[in-house]
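In: pasting the sequence and the predicted model now:
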Amino acid sequence: MTAGVGLATRLLRLLPAETAHDLAIRALVLAPRLKPDVPDGLRVRLAGLDLAHPLGLAAGFDKNAAALDGLARLGFACIEAGTVTPRPQAGNPKPRLFRLAEDAAIINRMGFNNAGLDAFAKKLEVRPRDVVVGANIGINKDETDPASAYASGADRLLPLADYLAVNVSSPNTPGLRDLQERRALTGVLDAVTAARDCHVDAGGRRRPIFLKVAPDLDDAAALAIVETAIEAAIDGLVVANTTLGRPDSLIGEARHETGGLSGRPLLTPSTRLLALMARHATGRLAFIGVGGIGSGADAYAKIRAGATALQLYTAFVYEGPGIIQRILDELAECLARDGFADVAAAVGTGI
Ligand SMILES: Cc1cc2nc3c(=O)[nH]c(=O)nc-3n(C[C@H](O)[C@H](O)[C@H](O)COP(=O)(O)O)c2cc1C
């Protein structure tokens with residue numbers, strides 16, 4: 001990694017969290033090309049998409065798809081932009097983003113601040129083509145017809161993105177997580193798949209659709225979501241979003257702030273949920289594992305728990321872009337140590 005990028009990452013940490021984030025998004029225009037040396041065996045195929053390696057950027061970092069070129073240059077194989085809502089939205093009052101550096105964690109209650117579907121679509125029209133780009137869609141805070149709102153997002157973005165992620169799991173939009181309940185979820189997914197079936201590409205292929213779930217589900221609710229996703233014929237699940245939980249281990253001053261907790265404390269619960277859901281899906285869904293990944297061993301644990309692809313957010317914020325190469329190298333070592341020829345051979349072997 002260039003010294004300049006390392007220095008910039010350290011300097012950003014001195015600023016208030018949201019100021020640093022906004023600055024980073026702007027500075028990404030200047031990002032140098034840091035494409036990683038991808039060790040052998042890390043190429044993956046996710047629901048028909050070819051990824052140069054399994055590591056992607058999770059939703060919420062680039063909410064407006066404003067920095068896709070820069071993020072692609074940093075070496076992510078996949079970028080999930082959004083969450084975008086049909087209409088622009090200011091989000092919750094500031095401060096709404098808190099570092100818990102001692103815990104390698106973040107608490108946020110951003111509340112889907114974003115520039116809306118039209119602006120997002122314009123960015124996707126000029127998106128980079130050498131990286132897989134997903135569009136993560138949500139709904140406005142005052143939405144009264146969620147299924148139609150998700151369908152409008154799907155209809156607008158399916159022609160522009162490589163995949164769609166339906167976000168029903170942010171803790172910062174009141175009532176959103178209730179859409180994970182079977183009846184409501186079926187309504188949302190049926191509306192989105194109806195939109196998908198109108199956007200078949202020249203080769204007859206339909207864009208994959210993922211559903212992003214919360215980590216705070218009891219086992220019965222998690223299994224019901226797996227069944228609903230299979231019934232609705234979507235392609236996979238993103239497991240998981242931020243948690244409302246506050247483990248006793250937290251020591252950061254901001255630990256009592258309202259919002260979703262991400263980062264290291266999320267690793268164990270989100271990986272457990274991933275394994276539970278992947279076991280129940282028996283190969284009928286693809287899984288993107290996200291939550292607390294900060295090392296190759298963490299990435300490997302998610303793969304063994306059933307994930308084909310991975311995303312990170314919090315550890316990237318703390319460590320900067322050098323984390324991509326480090327995780328890929330460590331992951332390759334884990335695979336070689338256990339005799340797996342490639343990522344695909346290891347997927348789900350721990351469940
Ligand atoms: C500041 C912040 C904003 C986020 N915004 C979104 C969002 O808009 N949509 C979404 O699906 N997830 C969002 N997330 C959740 C992440 O995509 C990810 O699921 C979560 O942070 C767990 O990964 P991590 O432990 O690597 O950070 C956000 C996370 C953070 C820290």
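Out: Received it, and whenever you're ready, just let me know what you need. Fair warning: this is a prediction, and the values are worked out from it, not measured in the lab. Numbers count the residues shown, from 1 in each chain.

In: low-confidence ranges, this structure, go.
Out: Low-confidence segments of the chain (pLDDT under 70): 1-3.

In: around the ligand, pick out the residues from it.
Out: Proximity of the chain to the ligand is confined to 58-60, 63, 83, 97, 106, 108, 110, 136, 167, 170, 212, 241-242, 262-263, 266, 290-293, 312-315 under the rule CB under 6 Å from any ligand atom. C-beta here means a position set from N, CA and C on the backbone, and glycine is covered the same way.

In: tell me where the stretch 151-300 of the chain has helices.
Out: Remark: helices assigned in the stretch 151-300 of the chain by DSSP state H, counting those that start in this stretch are 182-196, 219-231, 267-281, 296-304.

In: mind putting those into JSON lines with mean neighbour count?
Out: Shown next, in JSON lines, are those (neighbours: other CB atoms under 10 Å):
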{"stretch": "helix 182-196", "mean neighbour count": "18"}
{"stretch": "helix 219-231", "mean neighbour count": "17"}
{"stretch": "helix 267-281", "mean neighbour count": "21"}
{"stretch": "helix 296-304", "mean neighbour count": "23"}
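
In: compare those helices and give me the one nearest residue 4.
Out: Shortest distance between residue 4 and the helices of the stretch 151-300 of the chain, using CB to CB, is found for helix 296-304: 25.2 Å.

In: residues near the one residue in the chain that gets nearest to the ligand, how many?
Out: Per CB to the nearest ligand atom, residue 60 is where the chain lies closest to the ligand, at 2.0 Å. Counted with other CB atoms under 10 Å, residues neighbouring residue 60 total 23.

In: could you do the one 4 residues further on as well?
Out: For residue 64, the tally of surrounding residues (other CB under 10 Å) stands at 19.

In: ok, and the closest non-adjacent residue to it?
Out: Distances taken as CB to CB, 6 or more residues apart in numbering place residue 115 nearest to residue 64, at 4.7 Å, with adjacent residues excluded.

In: also residue 260?
Out: Per CB to CB, 6+ apart, closest to residue 260 is residue 242, 2.6 Å.

In: next up, the contacts around that neighbour.
Out: When contacts are counted by CB atoms under 8 Å, 6 or more residues apart in numbering, residue 242 touches 108, 170-171, 215, 259-262, 266.
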